[in-house]
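Visitor: Okay, structure incoming, though there's no sequence with it:
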């Protein structure tokens, strides 16, 4: 075992375990993001979801890509409660295999959480102002709301995970 591997293993052994609520929240985040991604994929597939919108080929690629990237980012929340989130993947140049500095992880997670809270908060705020301005059927609009409303929790849950990660990795604790 190399000294770098030994120190990394020792660090992972010494790190405090994530509390149960944080583990549950990290697993919940991808599930909260899933309905909106499935809604977008249903839109691209032409399923009857109550909308007159018919995306073209380029827009369809964008919509599917958005769904995949969103779910991938949501899955990264698991890195705040799992050992694999403590070490950069080996394929990354320069930092691969090295320990993730806790301030870096906390800063990235906090920035993402604030951005998500602002994005989905603004979207939710705009809904009463604009209403059903895309001419969805009432059932289609209700489905849209049901699929996108869970995204309001993504930012606050990620912020709570970032705080928990910070507390676990703080040298003064």
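Guide: Okay, I see it. Note that the structure is predicted; figures quoted are calculated from it, not measured.
Visitor: doesn't residue 158 make contact with residue 115?
Guide: No. Contact status for residue 115 versus residue 158: not in contact, 9.7 Å apart, counting by Cβ atoms under 8 Å. Backbone N, C-alpha and C define where each C-beta goes, glycine included.
Visitor: Report the set of residues contacting both of those two.
Guide: Both residue 115 and residue 158 lack any common contacting residue under the criterion Cβ atoms under 8 Å, 6 or more residues apart in numbering.
Visitor: which of the two has more neighbours?
Guide: More neighbours surround residue 158 than the other of residue 115 and residue 158, with 27 against 12 (other Cβ atoms under 10 Å).
Visitor: now the more buried one, nearest residue through space, not along the chain?
Guide: residue 113 (3.9 Å; Cβ to Cβ, 6 or more residues apart in numbering).
Visitor: quick one: contacts for that neighbour?
Guide: Residues in contact with residue 113 (Cβ under 8 Å, 6+ apart) are 155, 156, 158, 159, 162.
Visitor: Report all helices and strands that the helix or strand the first one falls within contacts.
Guide: Same thing as residue 155. Taking DSSP states H and E as the definition, residue 155 sits inside helix 154-169. For helix 154-169, the contact count by 3 or more Cβ pairs under 8 Å, 6 or more residues apart in numbering; DSSP states H and E identifies helix 20-45, helix 102-130 as packing neighbours.
Visitor: between the shortest one and helix 102-130, how big is the angle?
Guide: Put plainly, it is helix 20-45. For helix 20-45 and helix 102-130, the angle between their directions (axes from the mean of the first three to the mean of the last three Cα atoms, to 10 degrees) works out to 50 degrees.
Visitor: Quick one: name whatever helix or strand follows helix 20-45.
Guide: Immediately after helix 20-45, counting by DSSP H and E, sits helix 57-75.
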